[in-house]
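# missing the sequence, but the structure's below:
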């Protein structure tokens with residue numbers, strides 16, 4: 001009898017051990033399935049990044065994946081509008097009261113704090129942020145926010161939420177969800193940034209073609225200054241580099257210098273191509289070209305920063321220039337650079353009324369007129385070695 005009693009106990013112990021092992025296997029299998037799912041989702045993201053998705057399609061894909069890995073039913077993806085300090089909704093899934101989205105779009109202090117920290121924020125019971133959201137939609141029970149950041153630069157904000165029931169997960173799984181959502185955010189930023197750079201490159205190519213067409217029109221109009229605009233642009237950018245300006249400022253100077261004489265399109269060819277010196281009346285007509293040029297370019301948005309160069313490149317440091325008789329520091333700094341470059345090319349080029357001046361004479365003229373016609377700082381910065389660089393242009 002004792003032997004028969006021990007047998008069931010042994011079997012029971014074996015069964016219990018098997019059940020424990022079975023539960024462990026199930027948990028391991030579930031964890032493996034989660035990892036396979038995450039790997040599959042991550043692979044999908046990379047495929048999308050390599051494909052030619054439009055922004056909208058990608059936003060929707062990021063949101064869909066965020067909802068899948070977090071097992072939530074409501075979600076949205078915002079991109080920041082830095083000019084208005086607002087969030088712009090780019091993708092949304094599920095049901096939520098419109099007041100929630102409207103509140104989030106205004107980027108209130110609670111949301112701004114999440115953005116500044118750059119961390120994923122969980123929404124749990126009695127959380128003041130959750131209570132605030134529940135004041136707009138009482139059915140929201142839990143969720144989380146994940147900033148779209150990369151290298152500490154914020155570009156947007158995503159959120160996922162659960163309605164009707166509280167969303168509970170194992171802490172280890174939660175941490176893994178957090179890490180994966182962070183990867184999603186970084187992937188999203190990478191995609192947006194690459195597309196932005198690509199867009200800017202395409203736009204820059206279009207800009208340059210537009211500018212080349214405009215400068216071609218100037219050269220075709222004035223037979224004696226063919227190539228002048230291009231040379232002034234090269235000289236101006238050389239000076240800008242010597243002065244240590246930023247690439248953005250150098251680009252603006254380049255555009256402005258290329259187009260500084262665009263207003264000559266509105267000047268009669270009989271005056272532009274006249275052999276010999278101009279009369280006072282003819283010179284007064286010539287002096288209109290900075291204003292004409294500014295008016296021509298005013299409606300082209302990407303040239304807005306270069307307008308001051310076009311208008312002020314004939315102003316003198318002593319206030320005796322035109323069209324506005326600006327003086328000293330009142331003349332835009334970039335226009336002062338182009339003024340020097342314009343004079344350099346004018347003196348080193350053949351004109352209808354004279355031959356090009358020798359380099360030594362040009363340098364003496366610039367130094368002699370520093371403080372009257374030209375900004376003395378710009379002329380002083382251009383030491384003899386810098387003048388030598390300009391000589392080869």
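Yes, it's here. Everything numeric in this text was worked out from a predicted model, so none of it was measured.
# going forward, measure contacts and count neighbours with C-alpha atoms only.
Will do.
# residues of stretch 287-300 that come out buried?
287-294, 297 (16 or more other Cα atoms under 10 Å).
# Please read the previous query as pertaining to stretch 240-250.
Buried residues in stretch 240-250 (16+ other Cα under 10 Å): 240, 249-250.
# How about stretch 77-87?
Here stretch 77-87 shows 77-80, 86-87 as buried, counting by 16+ other Cα under 10 Å.
# got it, and stretch 123-134?
123-124, 129-131, 133-134.
# Take those and write them to TSV, including pLDDT, distance to residue 322 and secondary structure.
Output for those, formatted as TSV (pLDDT from 0 to 100; distance: Cα to Cα, whole Å; DSSP: H, G, I helix; E, B strand; the rest coil):
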residue	pLDDT	distance to residue 322	secondary structure
123	85	64	strand
124	80	67	coil
129	93	60	helix
130	92	63	helix
131	94	64	helix
133	94	61	helix
134	94	64	helix
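# For residue 89, grab the count of nearby residues.
Using other Cα atoms under 10 Å, residue 89 is surrounded by 19 other residues.
# Which helix or which strand is home to the residue nearest to it when sequence neighbours are not counted?
Among residues not flanking residue 89 along the chain, residue 78 sits closest, at 4.4 Å (Cα to Cα, 6 or more residues apart in numbering). Assigned by DSSP states H and E, residue 78 falls within strand 74-81.
# ok, and what's touching that strand?
59, 63, 67, 86-96, 105, 155-163 (Cα atoms under 8 Å, 6 or more residues apart in numbering).
# And for stretch 324-341?
232-233, 235-236, 239-240, 253, 257, 308-310, 312-320, 366, 374-375, 378-379.
# for stretch 198-218, same thing?
With Cα under 8 Å, 6+ apart, stretch 198-218 has contacts from 226, 229-230, 255, 258-259, 261-262, 264-265, 302.
# How far off centre is it?
With Cα atoms, centre = their mean, to the nearest Å as the basis, stretch 198-218 stands 18 Å off its chain's centre.
# what comes up buried for that stretch?
Applying 16+ other Cα under 10 Å to stretch 198-218 flags 207, 211-212, 214-216, 218 as buried.
# Let me have the buried residues of stretch 287-300 in CSV, extended by distance to residue 347 and pLDDT.
CSV is the format used below for these (distance: Cα to Cα, whole Å; pLDDT from 0 to 100):
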residue, distance to residue 347, pLDDT
287, 19, 95
288, 22, 95
289, 20, 95
290, 20, 96
291, 24, 96
292, 24, 94
293, 23, 92
294, 25, 94
297, 27, 88
